[in-house]
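# A structural model of the following input is requested.
(chains A and B)
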Amino acid sequence: MTDDITVFESEVRGFFESSAVDRISGRPSRRAASQDISLWDEPDPETERAALAEARAFRARLFDAGLAWIDGPVELGGRGLSAAHRQAYLAVEREFDTPPAHFFKLDRVISPVLRRYAAPELVTRVVPALFRGDLVACELFSEPGAGSDLAGLSTRAARDGEDWVVNGQKVWTSDAHIADVGLLLSRTDPAAPRRAGISAFLIDMHSPGVEVRPLRQMTGGSSFNEVFLDDVRVRDGHRVGGLGEGWRVAMETLRIERAAIGFGLGRGGLGIADGSRLIELLRTVGLTSDVALRQQLAEVYTGFQTARYMTRIAQRNPEGPLQARAVPMLAKLALSQNVRAASRLAIAALGDRLTADTGAPGTFAWNDFVLGEPGIHIVAGTDEIVRNNIARQVLGLGTGNAESSR
Amino acid sequence: MNDVTFTGEHAALSETVREFCAKKSPEDVVRGLMERGEGSERAMWEQMARQIGMQALIIPETYGGLGAGLLELVLVLEELGAALACPSFLPTAIAAQTLLVAGDEAAQAAWLPGIADGTTFATVALVPDPDAPQTVDARQTADGWVLDGVVEAVADGLGANLIIVAANAPGGPAFFALEGRLPGLGRAAVRSNDLTRPMARLELAAAPAATLGGEVAAQVLPLVVDLAGLLVSAEQIGGARRCADMAADYARTRYQFGRAIGDFQAIAHKCVDMLLAVESARAAVYHAASLASAGASAEFALAAPLAKSACTEASLAVAADNIQVHGGIGFTWEHPAHLYLRRALADGTYMGDARLHRELLVRRLGLD
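This next block holds a predicted model:
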């Protein structure tokens, strides 16, 4: 480790200490203390509002201290340091019980796309604000009639002078209820072939005509929304990419996002991937010597760890020997498999303690995991669409339904 | 988490071994050895040592080796596994590793130079389960140690001129070295489902043997099993990679219903799942190998059984699916697909099966 990074680490530690962020050592983190095992963030609106306010205040301090976008360019408010510095920051951050950062998870997804495709004026105004937490973003992609076949979307944007007027409906939109801006896919040329007729815009989610309704999932909670767009006006300067370039913008956004998803479970995965929560589960139900469950636990742990090694090795070695281009997509499939295997282990270990609540802590709560599991296979592209994409892009197998096909 | 870093030298090493296998050990050579029930040809063995220095890789320079690390060795094993080439290499590499871990300098000086220069074929016979006794007993006589017992399924046991045996000694299991041709050592070829690596039964009746590292070696048995399991894993992922490639190639070029069969999602998705199995198992092997090279033992104790069970499952699944992607032609004797399934079956139990390694893993995760 270089001196440079050591100095940087003590700067980070100093920031956390001066910001009165608690250390994790010696006591459980907020999430561990709550026994929360859910895969989706499904807070009640009031709790979420309070958490967002706290997270925003902390994010702003972090940004102003030059620690929210460590590897970003200085002219956009980044720190201009290396990816290694960011890794060092993340390692230090894990020692502290920081406010949740998942509200801002699209900062690193949408910013590269905006910087590549949007007008400089829009980039200067939006990108730093995304990293500072001043703006929360959402993606307005899927529609009731366009899920896996995203190119079939029918939301329309019609030109009206310097503005566009948008009408349509979006669905499965995470964070739309808290978002300030949305990356919107809309049809601008109904006469053009499906993909060529789509353009992307960054819309203000507080505009008149934007209505967000929470969508209740099978878990009973809510982390997605339906978004109704009724004569919503957006300036042409908020177009992201050229006319008809929306499909490319969407594919690039999804590529970055899926890679980020495959890299780990995020907050919900705490303690699952490293086996600790599953070991705790076997202890809770008194089945640590059950031969079948021990075997299953080893398989689950192995699945999560091999996916982690695969991602890490491919990131560090883009020239091989692993197929680095395939790995982010493979990691998303691995995550699906591993979460399913973990869910099966919980089902087998808990038996009827999962069916009916005995009141014993750490048992019935696993329903949050078990009933959240199906969604993991669907979010950010179904397992089947991801397989189609790998087949076409990596193996050269010509399945008719890949996103990259004509 | 440690970082695995591959250099251009690693890529060159893989390429060299791949070319060597393509030139010296194409399928007809593999089948020729198989039909004669032989392990490796001495001529090829010597070329491997002289031209590439494969056997010398992990052997220290003081004993005529190249002093490379485990990561280099697993890359070599991966390529040999992909070509089913030179079945004596894996048992010999396991024996070299055992000699290094047992730490008996006299034995190392006696045996390692011969392995490095390609004059010695070697193998290791042990029971990998720490809860089970070894099947051979060691006792001390006036003339030194002698061994009694039977070991089944010894890879290349007939061809090896150095055999390392784990035996129950008064202080616990310990390692002993036997020369291939000695009184009291009976060796019989046995049938194996893996036609490309001959197996033997060893019958030891007061067979004279030299102790390796004495009592100290009792404590290294788990480490030997971890390292040996990792080397088997490396060979497994080579075969698995080859099967996944074979299936995808066939899916691109076999036409039915007027289209390549890879156009059908049932086939395409199977090929993608094979790729996922292979790439994640390879990652487990590279991760464990780099930990072993770095000497980080607590993490390696998790990474090694993890790799062995992951590679066993992956290689069995991929070898089986490869046959299905091929359909009828894949079920024929002439097609190589079955040779890979056979190797996957045998490697799956070599140095401990997946069940054992999963159990070792959960114990080391803290579940006693």
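# how many other residues sit next to residue 80?
The chain I'm using is chain A. 14 (other Cβ atoms under 10 Å in any protein chain shown). Any C-beta I mention is one placed from the backbone N, CA and C, and that applies to glycine too.
# try again with chain B
Neighbours of B:Leu80 using other Cβ under 10 Å come to 27.
# same question for B:His335.
15.
# how about the secondary structure of the nearest residue to it once chain neighbours are set aside?
Of all residues not flanking B:His335 in the chain, B:Ile329 sits nearest, at 5.4 Å (Cβ to Cβ, 6 or more residues apart in numbering or on different chains). Three-state assignment for B:Ile329 (DSSP: H, G, I helix; E, B strand; the rest coil): helix.
# so how far is B:Asn193 from B:Ile329?
For B:Ile329, the distance to B:Asn193 equals 21 Å [Cβ to Cβ, to the nearest Å].
# follow-up on the earlier one: quick check, pLDDT for the residue nearest to B:His335.
pLDDT recorded at B:Ile329 is 97.
# from memory it sits against B:Pro336, does it?
No - counting by Cβ atoms under 8 Å, B:Ile329 does not reach B:Pro336; the two are 10.7 Å apart.
# quick one: name whatever helix or strand follows whichever helix or strand B:Ala207 is part of.
In the assignment (DSSP states H and E), B:Ala207 maps to strand B:199-208. Going down the chain from strand B:199-208, the next helix or strand is strand B:210-212, by DSSP H and E.
# who's in contact with the host helix or strand of B:Ala189?
Under the criterion of DSSP H and E, B:Ala189 resides in strand B:185-190. For strand B:185-190, contacts defined as Cβ atoms under 8 Å, 6 or more residues apart in numbering or on different chains pick out B:37, B:152-153, B:157-158, B:163, B:178, B:180, B:198-205, B:207.
# hmm, which of the residues you listed are the buried ones?
B:157-158, B:163, B:178, B:180, B:198-202, B:204, B:207 (16 or more other Cβ atoms under 10 Å in any protein chain shown).
# now the end-to-end length of stretch B:319-336.
With Cα to Cα, to the nearest Å as the measure, stretch B:319-336 spans 10 Å from end to end.
# neighbouring contacts of it?
B:27, B:84, B:239-240, B:243-244, B:246-247, B:250-251, B:261, B:267, B:270-271, B:273-274, B:337-338, B:340-341, B:343-344.
# that stretch: how far from the chain's middle?
How far stretch B:319-336 lies from its chain's middle: 24 Å, per Cα atoms, centre = their mean, to the nearest Å.
# I figured A:Leu140 hits A:Val181, correct?
No - counting by Cβ under 8 Å, A:Leu140 stays clear of A:Val181, with 10.0 Å between them.
# ok, these two, which is more surrounded?
For the pair A:Leu140 and A:Val181, the greater number of neighbours falls to A:Leu140 (29 against 22), based on other Cβ under 10 Å.
# returning to what we had before: need the overlap of contacts for A:Leu140 and A:Val181.
Contact criterion Cβ under 8 Å, 6+ apart; residues shared by A:Leu140 and A:Val181: A:Ile203.
# for B:Ile329 and B:Pro336, indicate the residue with more neighbours.
Taking other Cβ under 10 Å, B:Ile329 and B:Pro336 do not tie; B:Pro336 has more neighbours (18 against 12).
# the more buried one and B:Asp28, how far apart?
Distance from B:Pro336 to B:Asp28, by Cβ to Cβ: 11 Å.
# before we move on, what about B:Ala268?
32 Å.
# tell me where the model's unsure across the chain.
With no chain named, the answer covers chain A. Counting by pLDDT under 70, the ranges of chain A that qualify are A:1-2, A:24-35, A:261-270, A:399-406.
# the chain in question should be chain B.
B:1, B:215-218, B:295-296.
# spatially nearest residue to B:Leu162, not counting backbone neighbours?
Per Cβ to Cβ, 6+ apart, closest to B:Leu162 is B:Ala122, 3.9 Å.
# does the helix or strand encompassing B:Lys23 come close to chain A?
Assigned by DSSP H and E, B:Lys23 falls within helix B:8-24. Yes - using Cβ under 8 Å from any Cβ of the partner chain, we find that helix B:8-24 touches chain A at B:10-11, B:14.
# which stretches in chain B count as helices?
Taking DSSP state H, the helices of chain B run over residues B:8-24, B:27-36, B:42-47, B:70-83, B:89-102, B:105-116, B:216-253, B:265-294, B:297-326, B:337-349, B:354-364.
# report the inter-axis angle for the fourth one versus helix B:265-294.
Calculated by axes from the mean of the first three to the mean of the last three Cα atoms, to 10 degrees, helix B:70-83 forms an angle of 150 degrees with helix B:265-294.
# do the second one as well
Taking the same axes, to 10 degrees, one finds helix B:27-36 and helix B:265-294 inclined to each other by 80 degrees.
# from the chain's centroid, how far away is helix B:27-36?
Distance, centroid of helix B:27-36 to centroid of chain: 19 Å (Cα atoms, centre = their mean).
# what of the third one?
Using Cα atoms, centre = their mean, we find the averaged C-alpha position of helix B:42-47 to lie 19 Å away from the chain's own average C-alpha position.
# how far away is the residue of chain A positioned farthest from its centre from B:Glu359?
Farthest-out residue of chain A from its mean C-alpha position, per Cα atoms, centre = their mean: A:Ser289, at 36.9 Å. Remark: distance between A:Ser289 and B:Glu359 (Cβ to Cβ) = 11 Å.
# touching, B:Met54 and B:Glu46? I think so.
No - the criterion here is Cβ under 8 Å, and B:Met54 misses it with B:Glu46 at 11.1 Å.
# between these two, who's got more neighbours?
Higher neighbour count among B:Met54 and B:Glu46: B:Met54, with 28 against 14, using other Cβ under 10 Å.
# buried members of the contacts of stretch B:319-336 into ChimeraX, please.
Selecting the buried subset of the contacts of stretch B:319-336 in ChimeraX, with 16+ other Cβ under 10 Å as the burial test, is done by:
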select /B:84,239,240,243,244,246,247,250,251,261,267,270,271,273,274,337,338,340,341,343,344
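# for chain B, identify the residue most remote from the centre.
Outermost residue of chain B (Cα atoms, centre = their mean): B:Gly258, 42.6 Å.
# quick one, what contacts it?
No contacts exist for B:Gly258 under Cβ under 8 Å, 6+ apart.
# same deal with B:Ala110?
So B:Ala110 contacts B:Ala177 (Cβ under 8 Å, 6+ apart).
# how about 10 Å then?
For B:Ala110, the contacting residues are B:63, B:99, B:104, B:162, B:177, B:179, B:210, by Cβ atoms under 10 Å, 6 or more residues apart in numbering or on different chains.
# distance of the fourth one relative to chain A?
The spacing between B:Leu162 and chain A, counted by Cβ to the nearest Cβ, to the nearest Å, is 32 Å.
# shouldn't that residue be in contact with B:Gln108?
No - the pair B:Leu162 / B:Gln108 is not scored as a contact, 12.0 Å apart, by Cβ atoms under 10 Å.
# and the gap between B:Thr312 and chain A?
11 Å.
# shouldn't that residue be in contact with B:Leu306?
No - between B:Thr312 and B:Leu306 there is no contact under Cβ under 10 Å: 11.1 Å.
# relative to chain A, how far out is the closest residue to B:Val220 other than its chain neighbours?
In space, and not counting its chain neighbours, B:Val220 is closest to B:Val101: 5.0 Å by Cβ to Cβ, 6+ apart. B:Val101 sits 24 Å away from chain A, going by Cβ to the nearest Cβ.
# B:Val101: what's it in contact with?
B:Val101 neighbours (Cβ under 10 Å, 6+ apart): B:175, B:212-213, B:217, B:220-221, B:223-224, B:226-228.
# quick check: phi and psi at the residue of the stretch 101-250 of chain A found nearest chain B.
For the stretch 101-250 of chain A and chain B, the shortest gap (Cβ to the nearest Cβ) falls at A:Ser148, measuring 12.3 Å. Dihedral pair for A:Ser148: phi -60, psi -40, per degrees, to the nearest 10.
# do A:Arg156 as well
Per degrees, to the nearest 10, the backbone of A:Arg156 is at phi -110, psi 140.
# who are the neighbours in contact with it?
Contacts of A:Arg156 by Cβ under 10 Å, 6+ apart are A:164-168, A:186-188, A:190, A:197, A:229.
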